[in-house]
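Participant: Need coordinates for the below:
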Amino acid sequence: MRTIRAKITLLFVVIFGFTLSAFAGALYFLYARQSAQNFDLNLSNDALEIAGQIKGDERLELEIQSGLIQQPLTANFGTNEYVQVLSIDGVIVIKSTSLRSLNLPVTPEVLALALSRHQVFQTLEKVTSSHLIKSGHLRVVTYPVFDNGIPTYLVQVASNTLILDQSLFGLRLLLLIGVPLTILAAALGGFYVAKKAFDPIDRIIRTAQSISAEHLDRRLETKRVDDEISRLSKTLNAMFDRIQDAFLLQKQFTADASHELKTPLTILLGEIEVALKNPRTTDDYVNILNSAVEEIKRITNIVDELLTMARLESGQLQLQMRSIRIDELLLDAISKTSAYASQRSIQINYEVQDITGREHEEVFVSADKDKLLSAFINLLDNAIKYSNDGSTIRVVQAAGKGTVKLQIIDKGVGIPPEDLPHIFDRFYRADKSRSSGATRRGSGLGLSIARSLIESHKGTITVLSQPGSGTTVTITLPALSVDDLAEPRTADVIS
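Facilitator: Next comes the predicted model:
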């Protein structure tokens, strides 16, 4: 009874059994009542027929009414088994030959009720009727006959209820045997139907159980019929697709993270081992330590970016949203990357204008200053890394209605078309030729983190690039209106 199949079968059997039993009971009750009414109607018609026979014999009727008949007359009333005619005083004047020397009992209550213009039906007790019949019961009708509203005599007709009792017994036996057998058949049928209905569920369970880390490509069978099972299979298949994508992404993430950390650790270990093999000069040790510091910084940077990415994906990174000027934020990002740019004689120009080209100032956005600043620094750092020495990077702020558009335009080596769709993937780096001029290596997480941070601020980021012509990164953020600036800002959580 722990399975849904068994519970549904039991529920079906209970409901069906209750309904069938109620129907059988109602059927028996209606049939018994109708049969009894028909039986009494036949008795009443027989009594009426006998009264008609007596009225047809005027002399006999006159003798009954005048009380001239002192001893009961014996008569043959045809098919009626037990008949007797009584005067209004309750004296038997005529009785059927089937009664022989016996009489049908007449109580004062029945006599009084009959004389008040009522047909009286009664069923004699077994003790009373046993001397006339061996089995069954006697059903008696007392029918009063009136002349001009005056009672003249009474006609009593009795008949054995054996046939009626046998008919009702047969019906009871049929119902008592048929109803349980029907319920049993319904239970078997219900179990079969439930089994057929849940067989697809069992197949889904078996297939789902067979899906593991080694067999993530397995999917549930779907049919062309768009029923509940098919929709469930499609929904589960879509869920398995997402699980497979997440699993593969996790594996790729782990492999890439291990690779990124292994390279600086290997370099660091090699330099330290070389330094320990033979005595070195002070300058040599200083150079080795400086190189070790650079690799440690790179490891620290990778770990920080991995933590940031993990918090972004888990929804645990909180944003302290407040109103900030976008130009101040951009100038801060330019200031923090200018030292790196100056090493390669790269100049960063900042331009502020609106859509029409007119100068525009003091555009506010709702943002977490540190997080959005980190995204801008990543984008500028990426632009500097892949720009040619001595080139210029333009940072353009264009304010429109309700939005602010930012563009970072470089004239570097550009991005090959086959690499462009993947630049925001974690640990993805384009062809090595693109980074041939770069003075420092990246982790491959900067653009992915930058996009996640910008999207968490309800912004968008797009990249256009041509190999050899440079790259344009476009960021669009919602700008605050005057009314928004008056409202307090609260902390949001990335989810």
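
Participant: so how far is Val91 from Gln71?
Facilitator: Per C-beta to C-beta, to the nearest Å, Gln71 is found 10 Å from Val91. (C-beta placed from N, C-alpha, C; glycine too.)

Participant: next one: Thr207
Facilitator: Distance of Thr207 to Val91, given as C-beta to C-beta: 94 Å.

Participant: For Gln71 and Val91, indicate the residue with more neighbours.
Facilitator: Comparing Gln71 with Val91 by other C-beta atoms under 10 Å, the one with more neighbours is Val91, at 15 against 7.

Participant: what sits against the more buried one?
Facilitator: Gly67 (C-beta atoms under 8 Å, 6 or more residues apart in numbering).

Participant: so what's it scoring on pLDDT?
Facilitator: At Val91, the pLDDT value in this model is 87.

Participant: go on, Ser433?
Facilitator: 43.

Participant: what do you get for the one 3 residues further on?
Facilitator: In this prediction, Ser436 carries a pLDDT score of 43.

Participant: And for Gly170?
Facilitator: pLDDT, Gly170: 94.

Participant: nearest residue to Gly136 other than its sequence neighbours?
Facilitator: Excluding the flanking residues, the one nearest Gly136 by C-beta to C-beta, 6 or more residues apart in numbering is Leu162, at 3.3 Å.

Participant: Double-check that neighbour against Ser135; I have them as touching.
Facilitator: Yes. Under the contact definition of C-beta atoms under 8 Å, Leu162 touches Ser135, with a separation of 5.8 Å.

Participant: Who has more neighbours out of the two?
Facilitator: Leu162 (14 against 11).

Participant: care to break this structure down by domain?
Facilitator: Using automatic domain parsing, the domains assigned to the chain come out as 4-166, 228-313, 317-493.

Participant: what's the spacing between stretch 458-467 and its chain's center?
Facilitator: The chain centroid and the centroid of stretch 458-467 are separated by 41 Å under C-alpha atoms, centre = their mean, to the nearest Å.

Participant: Tell me the buried residues in that stretch?
Facilitator: Gly459, Ile461, Val463, Ser465, Pro467 (16 or more other C-beta atoms under 10 Å).

Participant: Next up, the contacts around the first one.
Facilitator: If I follow you right, that is Gly459. Gly459 sits next to Ile475, Thr476, Leu477, Pro478 when contact means C-beta under 8 Å, 6+ apart.

Participant: Strands - which of those land there?
Facilitator: Mapping these onto strands (DSSP state E) picks out Ile475, Thr476, Leu477, Pro478.

Participant: Among the residues you listed, which one has the most neighbours?
Facilitator: Going by other C-beta under 10 Å, Ile475 tops the ones in strands among the contacts of Gly459 with 23 neighbours.

Participant: tell me the mean pLDDT over the one helix or strand Tyr285 maps to?
Facilitator: Using DSSP states H and E, Tyr285 maps to helix 282-314. In this model, helix 282-314 has an average pLDDT of 78.
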